[in-house]
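S.K.: Give the three-dimensional model of this entry:
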Amino acid sequence: MKLHTALACLLLVAGAGTASAQNMKPGLWEISTQMKGSGQMGDAMAQAQKQMENLPPDQRKMMQDMMAKQGVQLGNNSGGGMTIKVCMTQEMVDRNEVGRQEPGCTHTYSQRTGNTMQFSYVCTKPPSSGEGQITFAGPEAYNMKMTSTTTVQGAPQKIEMQNNGRWLGGDCGTIKPLAMPKK
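M.R.: As a prediction, the model looks like this:
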């Protein structure tokens, strides 16, 4: 699997599990993700990390700069770690949309109980589903754990993810809000 294909898979999974925006502040958010995957997905995550590490410094910088323009930074640790910066508008917060809600995906959020909320999602393209729990630490931070299942070349793949989101400030700088599909 090529580096850009593996990165696209990583971003799709990370976007599927972003937190609901209940009581969150608009502005620039940093979402650190640690993933463990089985089968081809796990191999793709490890391969993407290794390929980035093995690029010559000038090519690695060019790739990192290109990804940074999209608000994405891969972590330097093994196991699929990465950091994504997301600009959330007030409208996104008001609609409880953090991260890109992909067409063909249905998200279900439970009512908040204390500082926690359960969620699930099902997507048709690519076929995937998952569930998890978000624990809010106020309007400027959250932790999320989720398990996701997808199909890669006809074989089921399981992914476990842990996200830590933290608000960086009200100014998004050069990071643009993600385009939200029309409902």
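S.K.: which intervals of this structure have sub-threshold pLDDT?
M.R.: 1-22, 38-46, 49, 68-80, 96-102, 178-183 (pLDDT under 70).
S.K.: hey, where'd the helices end up in this structure?
M.R.: Using DSSP state H, the helices of the chain run over 3-16, 39-54, 57-69, 90-94.
S.K.: give me the beta-bridge partners of the residue nearest to Asn163 when sequence neighbours are not counted?
M.R.: Among residues not flanking Asn163 along the chain, Met144 sits closest, at 4.2 Å (Cβ to Cβ, 6 or more residues apart in numbering). C-beta here means a position set from N, CA and C on the backbone, and glycine is covered the same way. For Met144, the beta-bridge partners under DSSP bridges are Ile134, Asn163.
S.K.: Can you give me the neighbour number for Met144?
M.R.: Counted with other Cβ atoms under 10 Å, the neighbours of Met144 add up to 22.
S.K.: ok, now Ser148?
M.R.: Around Ser148 there are 23 residues (other Cβ under 10 Å).
S.K.: do Lys25 as well
M.R.: Count around Lys25 with other Cβ under 10 Å applied: 17.
S.K.: again with Thr116
M.R.: 13.
S.K.: sorry, back to before: distance check, the residue nearest to Asn163 against Tyr109.
M.R.: Noted for Met144: a distance of 12 Å to Tyr109, by Cβ to Cβ, to the nearest Å.
S.K.: just the CA coordinates of stretch 134-149, formatted as PDB?
M.R.: Extracted C-alpha coordinates of stretch 134-149, given in PDB (Å, rounded to 0.1, in the frame of the first residue of the first chain):
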ATOM      1  CA  ILE A 134     -16.200  10.400  24.800                       C
ATOM      2  CA  THR A 135     -15.200  11.900  28.200                       C
ATOM      3  CA  PHE A 136     -15.200  15.700  28.300                       C
ATOM      4  CA  ALA A 137     -12.800  17.500  30.600                       C
ATOM      5  CA  GLY A 138     -14.600  20.900  30.200                       C
ATOM      6  CA  PRO A 139     -15.100  22.900  27.000                       C
ATOM      7  CA  GLU A 140     -11.400  22.800  26.100                       C
ATOM      8  CA  ALA A 141     -10.500  19.100  26.200                       C
ATOM      9  CA  TYR A 142     -11.900  15.600  25.700                       C
ATOM     10  CA  ASN A 143     -10.700  12.000  25.600                       C
ATOM     11  CA  MET A 144     -12.200   9.400  23.400                       C
ATOM     12  CA  LYS A 145     -11.900   5.600  23.000                       C
ATOM     13  CA  MET A 146     -13.500   3.700  20.100                       C
ATOM     14  CA  THR A 147     -13.400   0.500  18.200                       C
ATOM     15  CA  SER A 148     -14.100   0.400  14.500                       C
ATOM     16  CA  THR A 149     -14.500  -2.300  11.900                       C
END
